[in-house]
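Asker: Predicted coordinates and the sequence they were generated for:
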Amino acid sequence: MNEPLLSEYEIFFRELRSLAHRFRLVGEVVHGEAALSIAERSLLTSLEMHGPRTIPELARGRSVSRQHVQALSRRLLQEGWIVLKANPAHRRSQLLALTTKGRTHLASMRRREEKALAALPRPFREGELAGLARRMQHVREVLEQVEANHGER
């Protein structure tokens, strides 16, 4: 009984990895030198949506180590897309904040993506992508349960 489910998962994850690879390649073509990794873009988008955050807060929100977020933030700091700000709640844990340059960079990326997508025929019916997003959210939630259950052992 678990074998068919496992092979369905294998097929699904194989396709998911292939899709992630394709997203990366398309991002490189559309954005060129301005391309960000998925993790870098996620960090910028999180700061855009939720405002300044500490490295530990960002790490907890992604289930990654603080060191991983620190490594990601280096390039973003060097490019001037984020800055370190004093944290009134904690002297030693500074806040990462999106800069105007970072907001502009994200907006430029979105405009380039919209232009590239507008040039394509519409392969999805109205609402179809929203339905796919809901299903993907459900898969993520299932995987979060697996992660939580595995961590309890």
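Answerer: Yep, it's here. Numbers count the residues shown, from 1 in each chain.
Asker: which stretches of this protein aren't confidently modelled?
Answerer: Within the chain, the segments meeting pLDDT under 70 span 1-6, 151-153.
Asker: tell me the centre residue of this protein?
Answerer: S42 (3.2 Å; Cα atoms, centre = their mean).
Asker: what's stretch 29-44 in contact with?
Answerer: 20, 23-24, 27-28, 58, 62, 68-69, 72-73, 75-76, 81-82, 96, 98, 102, 105-106, 108-109, 112-113, 116 (Cβ atoms under 8 Å, 6 or more residues apart in numbering). To be clear about C-beta, it is placed using only N, CA and C from the backbone, and glycine gets the same treatment.
Asker: so how far is that stretch off the chain centroid?
Answerer: 10 Å (Cα atoms, centre = their mean, to the nearest Å).
Asker: Now do the end-to-end distance for that stretch.
Answerer: End-to-end span of stretch 29-44 (Cα to Cα, to the nearest Å): 20 Å.
Asker: in it, what counts as buried?
Answerer: Buried residues in stretch 29-44, counted by 16 or more other Cβ atoms under 10 Å: 31, 35-36, 40-41, 43-44.
Asker: Cool, thanks, talk later.
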